[in-house]
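*Asks:* Whatever this is, show me its structure:
(one chain, ligands or ions: 1)
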Amino acid sequence: MKVRCPYCGAEYDAPEGLQYSVCPYCGTVLKQGQTYEKVYMFKPSLDKTAAFRRALSLRPWASPSDLDSSASLTSAELHYIPLYLYYVYFEPLKELATYATAPAMEKPPFYIPKDYRFPARWRTPFKPGLERTAVFHGPQLDPEAAWAAVSGRYEREARNYAAVFKKPISDMSSFEGLVYYPFWRLRYAYGGREYEAVVDAAEGDVTYMEYPVSRAGRRISAAAAASIVLGAAFLGLIGAAFSPAASAGIHGNPRLLDLAAAAGVAGGGVAGLVGAARLLAFAVERKAIYRADRDVELV
Ligand SMILES: [Zn+2]
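*Replies:* Residues are numbered from 1 along each chain as shown. Got it, this is the predicted structure:
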């Protein structure tokens, strides 16, 4: 469905059947053809240079020590992710009333932690055209469905609170509108290769960062992996020697001791291998991914 933006005049394709359409050039929201008024935004507090510095100062595990001095920013895009804003109110608990946001996209264009805590305060009314240089993303989810996904947390809090007074509560929360939330998508070069990083442009948190694994990091990983395997096998051997089976072996069949020791070595070695597998991978790979809510991963 072709839509003409009433604000900037641009024509764009809007998916059929969606309640809202968003102008990709100026961010103006239309609701069933009418300009939608309840739109807010968070202003970026970091420019692309400050965002890049944030990413470099993160220093994820096994990143090269000269990353901050040798990496150079090659591109930076400001993206606005749509969130729904709700006024959270469980009657009659006025003192607990608050604002909350929930992601309005099912699949954001880059990695954002699943339970990322977006702030709801300090939003300002959205003025179209102010952010022509940014990429706006339209909402994909229904406001009711997005609220259902996050409301449980607030409802539990309200129920616990209300239990003291033994009063029934009812969810009177209401949908308040759309909020655009800014992220920097950065690309940077290091040693002739390119990497990506995503930085919350309002709060400054790094949510995603690809980075090179340093030569030193690879060397240390290999050594650590080897010592874990050997150490685990050694502990397994000691464990087996002091196990009841081993004691029985001392007084009875000596072959039992050998079997118990062998089992201990194998068990310890396997446990060690699991722990060492990641380190060994680090020793080989040259690129790793940091995610704010997960372990570092290799690609
Ligand atoms: Zn427009």
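
*Asks:* Could you list the low-pLDDT ranges of the stretch 101-250 of the chain?
*Replies:* 129-132, 232-250 (pLDDT under 70).

*Asks:* if we go to 80?
*Replies:* 120-123, 127-133, 165-167, 216-250 (pLDDT under 80).

*Asks:* hey, where'd the helices end up in it?
*Replies:* 143-163, 215-241, 244-251 (DSSP state H, counting those that start in this stretch).

*Asks:* So which elements touch the first one?
*Replies:* Meaning helix 143-163. strand 72-88, strand 90-91, strand 98-103, strand 174-190 (3 or more CB pairs under 8 Å, 6 or more residues apart in numbering; DSSP states H and E). For every residue, glycine as well, the C-beta is placed using N, CA and C.

*Asks:* mind putting those strands in CSV, distance to Val198 and mean neighbour count included?
*Replies:* Output for the helices and strands packed on helix 143-163, formatted as CSV (distance: least, CB to CB, whole Å; neighbours: other CB atoms under 10 Å):
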stretch, distance to Val198, mean neighbour count
strand 72-88, 9, 19
strand 90-91, 34, 18
strand 98-103, 14, 19
strand 174-190, 6, 21
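
*Asks:* Would you mind telling me which of the ones you listed is nearest Ala216?
*Replies:* strand 174-190 (14.8 Å; CB to CB).

*Asks:* what separates the residue sitting nearest the centre point of the chain from Val199, distance-wise?
*Replies:* Computing the C-alpha centroid of the chain and ranking residues by CA atoms, centre = their mean puts Pro113 first, at 2.1 Å. Taking CB to CB, to the nearest Å as the measure, Pro113 falls 13 Å from Val199.

*Asks:* shared neighbours of the two, anything?
*Replies:* Taking CB atoms under 8 Å, 6 or more residues apart in numbering as the criterion, Pro113 and Val199 both touch Thr207.

*Asks:* which parts of this protein sit against the ion?
*Replies:* 5, 7-8, 10, 23, 25-26, 28 (CB under 5 Å from the ion).

*Asks:* Now which of those would you call buried?
*Replies:* Among the residues of the chain next to the ion, the ones that count as buried by 16 or more other CB atoms under 10 Å are 5, 7, 23, 25-26, 28.

*Asks:* Setting the sequence-adjacent residues aside, check what's closest to Gln19.
*Replies:* Lys31 (6.3 Å; CB to CB, 6 or more residues apart in numbering).

*Asks:* Could you measure from Pro212 over to the ion?
*Replies:* Separation of Pro212 from the ion (CB to the ion, to the nearest Å) stands at 40 Å.

*Asks:* what do you get for Tyr116?
*Replies:* For Tyr116 relative to the ion (CB to the ion), the value is 28 Å.

*Asks:* Please verify my assumption that Val206 contacts Arg53.
*Replies:* No: in this structure, Val206 is not within contact of Arg53 by CB atoms under 8 Å, at 10.6 Å.

*Asks:* the more surrounded of these two?
*Replies:* A count of neighbours by other CB atoms under 10 Å puts Val206 above the other of Val206 and Arg53, at 21 against 15.

*Asks:* quick one, what contacts the more buried one?
*Replies:* Neighbours of Val206 in contact, by CB under 8 Å, 6+ apart: 54-55, 58, 197-200, 290, 292.
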